[in-house]
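Peer 1: Pasted the sequence and its predicted model underneath.
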Amino acid sequence: MEYCNKRNMTIRITVMLTLLLPHTPSSASSYFHITKPALRGGSKSSRRWMNVRNGEHWEIPYVVEDLGPDSSTRIREAMQEIHDNTCMRFVPRILQQYYVRFVRGSECSSQLGMRTDEPNTITLSTHCETKGIILHEIMHTIGFHHEHSRPDRVRYVRIVEENIIQGQAYNFKVLPWNEVINYGTGYDIASIMHYPEWAFSRNGQNTITAVNGGELLGLQQDSLSKTDILQINKMYRCRKCEDKSNNCNKSATTHRCKRQFKVRKACRKSCGIC
């Protein structure tokens, strides 16, 4: 389900997902799916997680509730991919007011942007325990719509409405440009926020095709795409993490990083600043 909470400017996205196994017609008609849509952009209205800064990182506190070791491992893997490519950092919650809860449920769901009235909740059913699906839900939480909701999708994909499960067509709605921002990036079939071709199929036939009716090439449901990473970094104004000196492997000692501003400035990566 999706609904808008005007007071907090958040959207709840709730859908059942299949296991990320090779698609068969029977599985397509048995489950709802949410792994990738055909156009993604950042939400213009959702609240950003820019309230807690630690050096050059934005921190998002989190807790994992009532989930087994396999789920916890996949959650950590998804978070690590975001840590490795952006300035976002998920940290265990202590007493922070705003945070994300990962909980067990009957569906895979998340909310759009940071909530201020209650904790953000990412719900994971047993069908959601893959790094790719958890990344998808985290992307909603940090402020991203589905890729297939993008206004310019008509130039790239076609929605086959007659193949969609009755009552689920809303999952394919297009958002107006005043609700999304693409940060200057083009349509990305490979985005983690893009639905697979057979999402919400009622008959095992594709619900999303290329605009010419052909197969969509480049779909994947495992990792952040280059465009996903670029958009996160632009949304949260992340600086590129790099050293500006060839001598950082020698000069960036713990002592010098702490004591010398010039070393910290020239060796941001080696000093662990970013």
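Peer 2: Sure thing, it's come through. Numbers count the residues shown, from 1 in each chain.
Peer 1: So if we follow the domain assignment, how does this protein break up?
Peer 2: Here the domain parsing of the chain from automatic domain parsing is 2-235, 241-274.
Peer 1: deepest of those domains, which one?
Peer 2: domain 2-235 (a mean of 18; mean count of other Cβ atoms under 10 Å). For the C-beta atoms, the positions are set from N, CA and C on the backbone; glycine is no exception.
Peer 1: average model confidence for it?
Peer 2: Per-residue pLDDT over domain 2-235 has a mean of 81.
Peer 1: how far is that domain from where the chain is centred?
Peer 2: With Cα atoms, centre = their mean, to the nearest Å as the basis, domain 2-235 stands 5 Å off its chain's centre.
Peer 1: got it, and stretch 241-259?
Peer 2: Distance, centroid of stretch 241-259 to centroid of chain: 32 Å (Cα atoms, centre = their mean).
Peer 1: Looks like Val263 contacts Ser251 (just checking).
Peer 2: Yes. Applying Cβ atoms under 8 Å, one finds Val263 in contact with Ser251, separated by 5.6 Å.
Peer 1: can you give me phi and psi for Phe90?
Peer 2: phi -90, psi 130 (degrees, to the nearest 10).
Peer 1: Then Gly132?
Peer 2: Here the main-chain torsion angles of Gly132 (degrees, to the nearest 10) amount to phi -60, psi -40.
Peer 1: Spit out the contact partners of the nearest residue to Glu197 once chain neighbours are set aside.
Peer 2: In this structure, Glu197 finds its nearest non-sequential neighbour in Asn206, 4.4 Å apart by Cβ to Cβ, 6 or more residues apart in numbering. Asn206 makes contact with Val160, Asn163, Glu197, Trp198, according to Cβ atoms under 8 Å, 6 or more residues apart in numbering.
Peer 1: ok, Asn206 to Ala169 distance?
Peer 2: Asn206 is 15 Å from Ala169, where distance means Cβ to Cβ, to the nearest Å.
Peer 1: Now do the helices in the stretch 1-150 of the chain.
Peer 2: Ranges of helices within the stretch 1-150 of the chain are 25-30, 69-85, 131-142, based on DSSP state H, counting those that start in this stretch.
Peer 1: Tell me which of the ones you listed sits nearest to Arg101.
Peer 2: Among the helices of the stretch 1-150 of the chain, helix 131-142 comes nearest to Arg101, with 10.4 Å by Cβ to Cβ.
Peer 1: and that closest one, what other elements does it pack with?
Peer 2: Judged by 3 or more Cβ pairs under 8 Å, 6 or more residues apart in numbering; DSSP states H and E, helix 131-142 is in contact with helix 69-85, strand 108-111, strand 120-124, helix 226-235.
Peer 1: correct me, but His148 touches Ser191?
Peer 2: No. In this structure, His148 is not within contact of Ser191 by Cβ under 8 Å, at 9.4 Å.
Peer 1: Let me have the helices and strands packed on helix 131-142 in TSV, extended by distance to Ile181.
Peer 2: Below are the helices and strands packed on helix 131-142 laid out as TSV (distance: least, Cβ to Cβ, whole Å):
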stretch	distance to Ile181
helix 69-85	19
strand 108-111	19
strand 120-124	21
helix 226-235	8
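Peer 1: Could you work out which of those reaches nearest to Gly272?
Peer 2: Of all the helices and strands packed on helix 131-142, helix 69-85 sits nearest to Gly272, with 12.5 Å by Cβ to Cβ.
Peer 1: who's in contact with the closest one?
Peer 2: 62, 64, 67, 88-90, 102, 104, 124, 129-131, 134-135, 138, 223-224, 229, 232-233.
Peer 1: try 10 Å
Peer 2: For helix 69-85, contacts defined as Cβ atoms under 10 Å, 6 or more residues apart in numbering pick out 57, 60, 62, 64, 67, 88-91, 102, 104, 122, 124, 126, 128-139, 142, 192, 222-224, 226, 228-230, 232-233, 238, 241.
Peer 1: Compute the inter-axis angle for that helix and helix 131-142.
Peer 2: Counting by axes from the mean of the first three to the mean of the last three Cα atoms, to 10 degrees, helix 69-85 lies at 60 degrees to helix 131-142.
Peer 1: Tabulate the CA atom coordinates of helix 69-85 in PDB.
Peer 2: In PDB, the C-alpha atoms belonging to helix 69-85 read as follows (Å, rounded to 0.1, in the frame of the first residue of the first chain):
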ATOM      1  CA  PRO A  69      21.200 -13.900  12.300                       C
ATOM      2  CA  ASP A  70      20.700 -14.400   8.600                       C
ATOM      3  CA  SER A  71      18.600 -11.200   8.300                       C
ATOM      4  CA  SER A  72      21.000  -9.300  10.500                       C
ATOM      5  CA  THR A  73      23.900 -10.300   8.300                       C
ATOM      6  CA  ARG A  74      22.100  -9.200   5.100                       C
ATOM      7  CA  ILE A  75      21.200  -5.900   6.800                       C
ATOM      8  CA  ARG A  76      24.800  -5.300   7.700                       C
ATOM      9  CA  GLU A  77      25.900  -6.200   4.100                       C
ATOM     10  CA  ALA A  78      23.400  -3.700   2.700                       C
ATOM     11  CA  MET A  79      24.600  -1.000   5.100                       C
ATOM     12  CA  GLN A  80      28.200  -1.700   4.300                       C
ATOM     13  CA  GLU A  81      27.600  -1.100   0.600                       C
ATOM     14  CA  ILE A  82      26.100   2.300   1.400                       C
ATOM     15  CA  HIS A  83      29.100   3.000   3.700                       C
ATOM     16  CA  ASP A  84      31.600   2.100   1.000                       C
ATOM     17  CA  ASN A  85      30.100   4.400  -1.600                       C
END
